[in-house]
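> Give the three-dimensional model of this entry:
(chains A and B)
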Amino acid sequence: MKYNFEEIEKRWQDKWEREKSFAVADDADSPRYYALEMFPYPSGRIHMGHVRNYSIGDVIARFKRMKGFSVLHPMGWDAFGLPAENAAIKHGIHPAAWTMDNIDYMRKQLRRLGLSYDWDREIATCHPDYYRHEQLFFIQMLKKGLAYRKRTKVNWCESCHTVLANEQVEEGCCWRCDNEVQAREIDGWFFRITDYAEELLEGCDTLSGWPEKVLVMQRNWIGKSEGAEIVFDVKDRDGLSITVFTTRPDTLMGATFMSISPEHPVAMELAEGTGQEDEVKAFIDKFKREKARKEYGDTEKEGVFSGSYAVHPVTGDVIPIYLANFVLMEYGTGAVMAVPAHDQRDFEFASRYNLPVKLVIKPDADVDGFDVNNLEAAWEGTGHLVNSGEFDGLFNEKAKKEITAWLEKQGRGRSRVTYRLRDWGISRQRFWGAPIPVVHCEKCGVVPVREGDLPVVLPVDAVPDSAGRSPLPQLESFWRTRCPSCGGDARRETDTMDTFVESSWYFARYICPRDDKPLDKEKVDRWLPVDQYIGGIEHAILHLLYSRFFTRALRDLGWLSADEPFKNLLTQGMVLKDGSKMSKSKGNVVDPSDMIKAYGADTVRLFILFAAPPERDLEWSDKGVEGAHRFLQRLWRTVTENREHIVSASPFDSGMHSQLPDDLKKLRMKTHSTISRVTKDIDKRFHFNTAISAIMELMNEVGAVLKGAVPEGEEAPVLDDTAWSVVREALEHTLIMLNPIVPHITEELWHILGHEDDLWAVEWPEADAVAMKSDTVKIVVQVNGKVRANIMVDAGADQEAAQAAALDDANVKRHLEGKQIRKVIYVPGRLLNIVAG
RNA sequence: GCCGAAGUGGCGGAAUUGGUAGACGCGCUAGAUUCAGGAUCUAGUGAGCAAACUGCGCUCGUGGGAGUUCGAAUCUCCCCUUCGGCACCA
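Numbering: from 1, shown residues only, chains lettered A, B, ... in the order given. Purely as a prediction, here's the structure:
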């Protein structure tokens, strides 16, 4: 009987589809488990990264199902996005048609992998039935102040007439036309994610099922820092003051000048009437040009004197105010007090412009190369305060609090927490996205679309023009509308939402995918948070942070109760070929479909799960795939060639274990220790590679038993009924354990062995403790820490017995010759170490 | 620069709590089968030393160096390399 994987895989896939085998009931009694993989962008074809992601998820889903859980395991499409627009421009096809074609093709590819999805729950985010709910959320967020509109600077390409995302700006130029990108101020929509900064940060501490790496990245991204705001009056300018933010209020007395961002609103005002106007204006212009090019990061620190002075809030000293290119308007207050003695950036700036340096914190211990009178670098460490008047002698960490308190009392400052996180800009001047559901009315201003009028449908009779411009602002049938408030002429918003908005709540929609309302709270609360989320590390910040925010926003709108969307997260590594990421430009792409055609889905799944643990990068190996295929061939032959004997053998009665001959006891021990090992590897660690290798060992042992039973000159093994029973037990458990990994071949062999039930629905086995117990155990004997012998002792042997047996060993004797035994360490069942000298 | 992860045979990777380093797979070598190739099966496969008996035995070895321990891939410290993230965040 030949292993015809193509025929076998198709037959089972058809059956699963026909019978909706993996559809899950919402109200099942059994415990629930929500297994989810990041849904794909329908780019055209699936790639190996998808295969890996979805194979991992499928093993978990199938395993949990066999463990008795009701498993929710859905799939869908992150279907809005720029590639569809590019394809539209290039091929003159509507983004919707292109996207739907891709979805149809990729759905077939996923089905061909035998993934156990509940396809009835499939969603595509470009469908109005999906995004209409998102539009409702938007309106509710708008009413709650969580969505708002503001004017802000963006990357603008004049020749393409569009805003570019940061990642589409290459060295200051448009990625498409190479035109220089300009900074332009335009209106855009934002989500107030900063309102949740603290909660998102604290939430990180509750995510014990997330990789530490991702949590670190999220915490850094949120970037909380605690410090103080300090108000400096500007000299001779009545009422004008500048507020700075600092994390080092303890160094206040060392402030010798002030640096403000060239974008600071008072920059020009400071220069007026001082004779510095021209220089300041030139500097600001230059800064704007360079900023558009995004070159800063390692640009040299530059600045210019503003012409004005600030008054030190404690000493009353007058310090110059500079414009400095490294001060960011977006962070803090856009102005800093410069303490060159204790901040490296200020130190460099001061050195360049010959500004005074005042040491106010003295290191407690002698520091190499530290000279109070001749600083070579800023001292950013701890120490005690000097040159600080009444604060002298304080430890600097304590001084932070005291100085802040002092300022507060004087009304010159207050403690303040700042976050690096900015509000989420969701406006896109693109066509292929969910329309933002508001209208602009000359009388009423910005008015949300009435909830009953949703969805605002993206027209299917328009395409982007050849330059990539969205057709919406020109499409009168789209934008011309009436104001929901006054009924007068109004213009629809033509911006669409960032596609990350769709992926911020799709995991909740899967729970009630056809519901008329966005979310059925009762159902959603039953399933969320997702028990296991699986995807690439590249989403460590964006998608995962947005989803965490959106979940909270939905919670506060009353749509669900969860705080966090994903309880456990597994970030899988990349699939590499020849040491680097597969890419068209490198020409090292391996197409999953080619592999499935040549070896079958089971082989591809087996290889990809075997080659590396999930979180690590995986090196693709054609030879390795062949090896995986060989293993399945061997499994196939072992079962089919011995089919008759196995089928007629009675199931093994575990009560008979003690009466088995040693070789069969050994095989049973292997069977059950493998069950134990595989269960742990899949359930606790997701280390499918070691689970598979353990099953391979079991197969090797079955093979050895069968081979050993082949009489001289014959081909088939000859065993008695008891032995066949034990072999049957081993092989059937092999099929069960392999089923989540290679579901088709195991299902087929299961039926070949006469079973009529579905293997995927069989209960996951428990290891038999009796079978795993052995009468004797092998222990290692060391002399002075070096292995000198392996001996067999009774399983319960005490140290005395083990030591006696060890001393009986010739090699051990030899190494102990002429030596005194000083100490013996005994680890029962493992080792005996004799220390002698 | 800062933060994080990782360095184990020719390769992918194992090693549960500090207890036989190299499981499993790939590759390679030899043999069986074969006209041949492929496939399959058997044996071997970290580096060395030693050995014409038989069984073996011995030394070294997890990026480098120190340390803790009866015992270290595993724990501590220092250094090197690679990858990833952040990058003037005041």
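> Please, which helix or strand holds the residue in the stretch 501-650 of chain A positioned nearest to RNA strand B?
With Cβ to the nearest atom of the strand, the shortest gap between the stretch 501-650 of chain A and RNA strand B falls at A:G627, namely 2.6 Å. To be clear about C-beta, it is placed using only N, CA and C from the backbone, and glycine gets the same treatment. Following DSSP states H and E, one finds A:G627 within helix A:622-641.
> again, but for A:T382
Using DSSP H and E, no helix or strand contains A:T382.
> What count of nearby residues applies to it?
12 (other Cβ atoms under 10 Å).
> With the one 5 residues further on instead?
Using other Cβ under 10 Å as the criterion, A:N387 is surrounded by 14 other residues.
> The one 4 residues further on too?
Here the count is done by other Cβ under 10 Å, and A:F391 has 21 residues near it.
> Could you measure from it over to RNA strand B?
Distance, A:F391 to RNA strand B, by Cβ to the nearest atom of the strand, to the nearest Å: 17 Å.
> List the contacts of the closest residue to that residue other than its chain neighbours.
Nearest residue to A:F391 in three dimensions, chain neighbours excluded: A:L385, at 5.1 Å (Cβ to Cβ, 6 or more residues apart in numbering). Residues near A:L385 by Cβ atoms under 8 Å, 6 or more residues apart in numbering: A:D250, A:M253, A:V360, A:I361, A:K362, A:F391, A:D392, A:G393, A:L394, A:F395, A:N396, A:A399.
> Okay, and the beta partners of A:L385?
A:I361 (DSSP bridges).
> picking that back up, contacts for the following helix or strand past the helix holding A:G627 next, please.
Next along the chain after helix A:622-641, taking DSSP H and E as the criterion, comes helix A:643-648. Here helix A:643-648 makes contact (Cβ under 8 Å, 6+ apart) with A:V639, A:L719, A:W724, A:V727, A:R728, A:L731, A:I752, A:L753, A:G754.
> what pLDDT does the residue of the stretch 701-837 of chain A found nearest RNA strand B get?
Nearest to RNA strand B, among the residues of the stretch 701-837 of chain A, is A:G785, at 3.2 Å (Cβ to the nearest atom of the strand). pLDDT, A:G785: 85.
> Quick check: phi and psi on the nearest residue to it once chain neighbours are set aside?
The spatial neighbour of A:G785 that comes closest, neighbours along the chain excluded (Cβ to Cβ, 6+ apart), is A:N833 at 6.3 Å. For A:N833, the backbone dihedrals (degrees, to the nearest 10) come out as phi -110, psi 120.
> A:N833 contacts A:R822, doesn't it?
No - when contacts are counted by Cβ atoms under 8 Å, A:N833 is not listed as touching A:R822 (11.3 Å).
> which regions of the stretch 351-500 of chain A sit below the pLDDT cut-off?
A:365-373 (pLDDT under 70).
> let's see it at 80
Scanning the stretch 351-500 of chain A with the threshold set as pLDDT under 80 gives A:364-376, A:466-468.
> higher neighbour count, A:N833 and A:R822?
A:N833 (18 against 10).
> hang on, the earlier thing: state the pair within the contacts of helix A:643-648 that is farthest apart.
Across those, the longest distance by Cβ to Cβ is 19.1 Å; it joins A:L719 and A:I752.
> Which one's more surrounded, these two?
Taking other Cβ under 10 Å, A:L719 and A:I752 do not tie; A:L719 has more neighbours (20 against 16).
> Which pLDDT value belongs to the closest residue to that one other than its chain neighbours?
Distances taken as Cβ to Cβ, 6+ apart place A:A709 nearest to A:L719, at 5.0 Å, with adjacent residues excluded. The model reports A:A709 with a pLDDT of 86.
> isn't A:A709 right next to A:E715, touching?
No - in this structure, A:A709 is not within contact of A:E715 by Cβ under 8 Å, at 11.4 Å.
> Compare these two (neighbour count), which wins?
Legend: neighbour count by other Cβ under 10 Å for A:A709 and A:E715, higher for A:A709 (16 against 7).
> in chain A, what secondary structure element scores lowest on mean pLDDT?
strand A:169-170 (a mean of 62; mean pLDDT, DSSP states H and E).
> coming back round to it: would you check the contacts of helix A:643-648 and say which has the weakest pLDDT?
A:L719 (89).
> A strand includes that residue, no?
No - read with DSSP: H, G, I helix; E, B strand; the rest coil, A:L719 is coil and lies in no strand.
> Now do the contacts for the residue nearest the centre of chain A.
In chain A, the C-alpha nearest the mean C-alpha coordinate belongs to A:A540, at 3.7 Å (Cα atoms, centre = their mean). Contact analysis of A:A540 by Cβ under 8 Å, 6+ apart lists A:K213, A:V214, A:M217, A:Q218, A:T571.
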